[in-house]
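Colleague: pasting the structure only:
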């Protein structure tokens with residue numbers, strides 16, 4: 001089993017490197033892999049090629065790696081915490097909260113005279129999304145102090161998500177045409193809008209979220225057998241729940257804030273990792289989900305750029321078959 005896992009990890013790592021290079025080579029201007037390597041290593045290549053690779057595509061490719069890893073790990077944590085194979089990183093309303101923050105900002109930006117400043121609009125949109133996502137998670141955590149049943153918290157999160165989505169629809173109806181178009185484009189998801197300066201904010205947030213998820217590996221393994229068993233083993237379930245919720249906020253909330261809602265990655269990737277490694281141990285599943293998430297999002301980005309489509313449409317087309325397979329294959333899902 002160990003040798004099999006080693007082979008899988010090596011294969012996935014190689015796939016990440018290959019797809020990363022392919023992602024840098026793919027775009028409106030086709031660039032050979034040789035020129036890509038020359039640009040990355042400081043070798044001889046055309047100045048325009050170097051600028052395209054280093055100033056434009058490299059940031060987007062790095063964001064693909066970060067987003068794929070962050071969404072996958074947050075999805076893994078949610079599925080284990082709720083013991084529900086259909087739980088995802090937005091199950092507690094992260095996406096809906098982010099959408100609410102963005103809709104609120106875009107509706108108010110024209111009134112405050114900020115719409116004519118692209119830099120302010122970009123940072124304001126990202127900040128509003130992060131604040132909205134964090135606010136919803138903080139509300140759920142506050143409710144969690146009085147509610148011990150994790151499934152009740154799941155239902156409350158879904159209801160809160162629906163209520164926030166309804167408020168977003170109202171604001172969409174009231175907003176002007178320009179703001180509405182900007183918001184709709186944001187909801188499609190994009191990895192290409194992140195700048196180098198924004199990446200400097202994204203990396204620390206995702207790194208902290210990953211560190212929290214790593215610290216929760218042992219507690220998450222204990223929760224696989226249920227909260228009651230975990231408590232008898234001395235686990236502080238409330239503290240673990242807070243750690244996981246904070247990690248999810250940092251991981252999924254940050255990606256949503258800067259890239260828009262990217263669906264199905266967090267839902268599908270953990271299942272792909274489980275099927276590939278035939279393991280429920282988070283010591284294996286967490287790094288496996290990171291690598292599979294990176295592979296999936298890099299592949300989706302390459303396809304999206306080749307077909308000139310929003311990345312959300314590609315992740316949905318790739319993720320939905322996995323979800324359908326899980327629903328059909330798990331007979332005890334609704335029992």
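Modeller: That came through, no problem. Values in this document were obtained by computation on a predicted structure and should not be read as measured data. Numbering: from 1, shown residues only.

Colleague: okay, and residue 64 sits in which element?
Modeller: helix 58-82 (DSSP states H and E).

Colleague: list the helices and strands that helix packs on?
Modeller: Helix 58-82 sits against helix 2-25, helix 150-174, helix 196-215, helix 217-223, helix 237-248, helix 254-259, helix 265-277, helix 282-307, with contacts defined as 3 or more Cβ pairs under 8 Å, 6 or more residues apart in numbering; DSSP states H and E. In this view, the C-beta of every residue, glycine as well, is placed from N, C-alpha and C.

Colleague: just how off-centre is that helix within its chain?
Modeller: 4 Å (Cα atoms, centre = their mean, to the nearest Å).

Colleague: next SSE after that helix?
Modeller: With DSSP H and E, the next secondary element past helix 58-82 is helix 94-112.

Colleague: centre of the protein to the edge, which residue is at the far end?
Modeller: residue 44 (36.2 Å; Cα atoms, centre = their mean).

Colleague: how big is the angle separating the host helix or strand of residue 140 from helix 150-174?
Modeller: Taking DSSP H and E as the definition, one finds residue 140 inside helix 118-146. Computed by axes from the mean of the first three to the mean of the last three Cα atoms, to 10 degrees, the angle separating helix 118-146 from helix 150-174 equals 150 degrees.

Colleague: how about helix 118-146: buried residues?
Modeller: Buried residues in helix 118-146, counted by 16 or more other Cβ atoms under 10 Å: 121-137, 139-141, 144.

Colleague: can you count the residues close to the closest residue to the residue farthest from the centre of the chain other than its chain neighbours?
Modeller: Leaving aside its sequence neighbours, residue 44 sits nearest to residue 38 (Cβ to Cβ, 6 or more residues apart in numbering; 6.0 Å). Neighbours of residue 38 under the rule other Cβ atoms under 10 Å: 18.

Colleague: sec struct for residue 38, please.
Modeller: In three-state terms, and counting by DSSP: H, G, I helix; E, B strand; the rest coil, residue 38 is helix.

Colleague: need the contact list for it.
Modeller: With contact set as Cβ atoms under 8 Å, 6 or more residues apart in numbering, residue 38 has these partners: 44, 45, 50.

Colleague: quick check, pLDDT for it.
Modeller: For residue 38, the pLDDT comes out at 91.

Colleague: same check, this time on residue 208
Modeller: Residue 208 is given a pLDDT of 95.

Colleague: do you know how far it is from residue 251?
Modeller: From residue 208 across to residue 251, the span is 9 Å (Cβ to Cβ, to the nearest Å).

Colleague: who has more neighbours out of those two?
Modeller: Neighbour count, other Cβ under 10 Å: between residue 208 and residue 251, residue 251 has more, with 30 against 15.

Colleague: got any ranges where the stretch 51-200 of the chain has weak pLDDT?
Modeller: Where the stretch 51-200 of the chain drops to pLDDT under 70, the residues are 108-122, 144-145, 148.

Colleague: look up the closest residue to residue 13, ignoring the ones flanking it.
Modeller: residue 291 is the one closest to residue 13 (Cβ to Cβ, 6+ apart), at 6.4 Å.

Colleague: contact partners for that neighbour?
Modeller: Here residue 291 is in contact with 9, 12, 13, 15, 16 (Cβ under 8 Å, 6+ apart).

Colleague: now swap in residue 95 and tell me
Modeller: Contacts of residue 95 by Cβ under 8 Å, 6+ apart are 89, 133, 161, 252, 256, 261, 263.

Colleague: possible to save these as TSV with distance to residue 237?
Modeller: Output for these, formatted as TSV (distance: Cβ to Cβ, whole Å):
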residue	distance to residue 237
89	20
133	24
161	23
252	21
256	27
261	29
263	29
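
Colleague: count of residues packed around residue 263?
Modeller: For residue 263, using other Cβ under 10 Å, the count is 21.

Colleague: assign residue 225 to helix, strand or coil.
Modeller: Under three-state DSSP, residue 225 comes out as coil.

Colleague: ok, it to residue 219 distance?
Modeller: 12 Å.

Colleague: appreciated, that's everything.
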